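requesting a structural model of the entry that follows:
(one chain, ligands or ions: 1)
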Amino acid sequence: MNRRLEAELEPEAEPETRSASQRAAPNGEYDLVIIGAGLTGLSLACWLLQLAEDGQATLPRVCLLEPRTSYSNDRTWCFWDLDPHPFRDLITHRWFRWQVSRGNQSACQSDANAAYAMLPADVLYRHALARIEDTLAFDLHLGVTVSGVEHTDDGVLVSADQRRWQAKAVIDTRPPGKGQLTSGVGFWQVFSGLEIACPKHGFDTSTATLMDFQPGYPHPCFLYLLPLDEDHFLIEWTAFQPEKEPAPDYRSDLDSWLQRQELGYYEVTREESGSLPMLRMPNVQNSGRVIRAGVGAGWMRAATGYHFVSCQRGSAALARQILAAHASGDWMLQGPSVRAGWLDWMDSVFLRALKRHPDKAPQWFVKLFAATSAAQMSRFMNDQPRWRDALAVASALPPGPFMRAALPW
Ligand SMILES: Cc1cc2nc3c(=O)[nH]c(=O)nc-3n(C[C@H](O)[C@H](O)[C@H](O)COP(=O)(O)OP(=O)(O)OC[C@H]3O[C@@H](n4cnc5c(N)ncnc54)[C@H](O)[C@@H]3O)c2cc1C
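Purely as a prediction, here's the structure:
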């Protein structure tokens, strides 16, 4: 296994400008280079392996390039577990009941066939890295920050420092650039979370609290609480902010809330925080030998910040194309569409209405979950609503603000 480890992460460099004659010979020649081995890069690798096994197809030679030098348990992925994917057996928790609340009002949904599922990042990383390690056709190079992607006569040349990789095609999963994050309509989902060990904490272990709105903030702010068992829970303080910065001290808000619960002895076992762009990404040029994938390609759902399921859908579609390209020798690829365009449009109307009336968010979300069924909401949240689901969602919301938000001015 050709795995390179470097001691430090390197700063992102300017794109390469050297001419073909100045180029060093490539370090490796591959069918496919995947830039970034986060959720999308690793999902794509695992989908390639699974689909090749299922269809007895030959695997292309694949190289994954990733700046980090080691993986940590840096996040948990939660999603409605409706469709198969290569990581399904790794899910650690499932809740068949979930709720949204504000003060003493709450809306609960439950369905024995629709679970809200949790998959810790370290479990997924360990599994995917082991699968890659066991596959002769795949190489993972850690400690590599890609700085250049150039088309050549017979493919694409990817560069990082003095190193070069030649490929027939490239899937670029790097996060969105600053230029992609300037959309006026949308929010930043900023959150600060803790995993807590607390004997007999008393929270109902059968129910995931998706949103428990907190009063006194100028923008929507809520608690997200997942009881993992009787003695452990994950809690996050989340805000939909108009800008990424400045982020108020949500950690201290969370600490004060925990103090008020009079939980007795508890211990923080892990911390997790992030800021997710709830924005519609500008369309990326996406056909040919270099394809954007992941959050930078708009796969994350703008109105929710959920990405795991669309990432599996997009990775599966790309993996099918790549196996077909490897079989036919035609490496012209298309960026997959991960959800219907009208759903993206619905999300932008929702975000525009929410931006104009942030104080109404608690009321709207509770109403939405009260007026729809668990099956409808789980399909809607997973980007696969039937038309009746979309209609139920639309009619649960007040028509005035949403019709005004749908107007183009
Ligand atoms: C703390 C946290 C919790 C989340 N929880 C959920 C959840 O519960 N459910 C859900 O659906 N979504 C969740 N998300 C959102 C989303 O699923 C994740 O952000 C997901 O990791 C995005 O996948 P990605 O592959 O697009 O990006 P990443 O996983 O970030 O992968 C991109 C990769 O590109 C690499 N990279 C960057 N620059 C370069 C470069 N120059 N050269 C090479 N590689 C580069 C990065 O190191 C990284 O590994 C969460 C996000 C965070 C941060």
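
whichever residue of the stretch 1-150 of the chain sits closest to the ligand and residue 268, how far apart?
Among all residues of the stretch 1-150 of the chain, residue 38 sits closest to the ligand, at 1.9 Å; criterion: C-beta to the nearest ligand atom. In short, each C-beta sits where N, CA and C put it, glycine included. The spacing between residue 38 and residue 268, counted by C-beta to C-beta, to the nearest Å, is 25 Å.

surely residue 197 and residue 267 touch.
Yes. Here residue 197 reaches residue 267: they are 4.8 Å apart, a contact under C-beta atoms under 8 Å.

so which of those two has more stuff around it?
Just comparing residue 197 and residue 267: by other C-beta atoms under 10 Å the higher neighbour count belongs to residue 197, 15 against 11.

how about the contacts made by that one?
Going by C-beta atoms under 8 Å, 6 or more residues apart in numbering, residue 197 touches 231, 232, 266, 267, 269.

most neighbours, which of the residues you listed?
So for the contacts of residue 197 (other C-beta under 10 Å), the most neighbours sit at residue 232, 19 neighbours.

apart from its neighbours in sequence, what residue is nearest the residue most central in space within the chain?
By C-alpha atoms, centre = their mean, the chain has its centre lying nearest to residue 307, at 3.2 Å. Nearest non-adjacent residue to residue 307, counting by C-beta to C-beta, 6 or more residues apart in numbering: residue 300, 4.0 Å away.

can you give me the neighbour number for residue 407?
Count around residue 407 with other C-beta under 10 Å applied: 8.

tell me where the model's unsure across this protein.
1-26, 183-184, 409 (pLDDT under 70).

if you set the cut-off to 90 instead, what comes out?
When residues are selected by pLDDT under 90, those of the chain lie in 1-28, 154, 161-162, 177-186, 216-218, 242-251, 279-287, 407-409.

and it, what are its domains?
The chain breaks down into these domains under automatic domain parsing: 20-73+119-180+281-334, 186-279, 341-406.

end-to-end on the second one?
Its first and final residues considered, domain 186-279 spans 5 Å by C-alpha to C-alpha, to the nearest Å.

do that domain and the ligand meet?
Yes. Counting by C-beta under 6 Å from any ligand atom, the ligand has neighbours in domain 186-279: 272, 274, 276.

which of those ranks first by neighbour count?
Neighbour max across the residues of domain 186-279 next to the ligand (other C-beta under 10 Å) = residue 276, 20 neighbours.

contact partners for that residue?
Shown in contact with residue 276 (C-beta under 8 Å, 6+ apart): 188, 189, 300, 305, 307.

and the fourth one, that's in a helix?
No. Applying DSSP: H, G, I helix; E, B strand; the rest coil, one finds residue 305 to be coil, outside a helix.

phi, psi for it please.
The phi/psi pair for residue 305 (degrees, to the nearest 10) reads phi 80, psi 0.

just the third one next, same as before
Recorded main-chain torsions at residue 300 are phi -70, psi 140, according to degrees, to the nearest 10.

count residues in the vicinity of it, would you?
Around residue 300 there are 23 residues (other C-beta under 10 Å).

so it sits against residue 308, correct?
No. Between residue 300 and residue 308 there is no contact under C-beta under 8 Å: 9.5 Å.

would you mind listing what in the stretch 301-409 of the chain touches the ligand?
So the stretch 301-409 of the chain meets the ligand at 306, 307, 308, 311 (C-beta under 6 Å from any ligand atom).

quick check, nearest of these to residue 180?
Nearest to residue 180, judged by C-beta to C-beta, of these is residue 307 at 15.0 Å.

OK, contacts around the closest one?
39, 276, 294, 295, 299, 300, 301.

which of residue 38 and residue 268 has more neighbours?
Legend: neighbour count by other C-beta under 10 Å for residue 38 and residue 268, higher for residue 38 (21 against 13).
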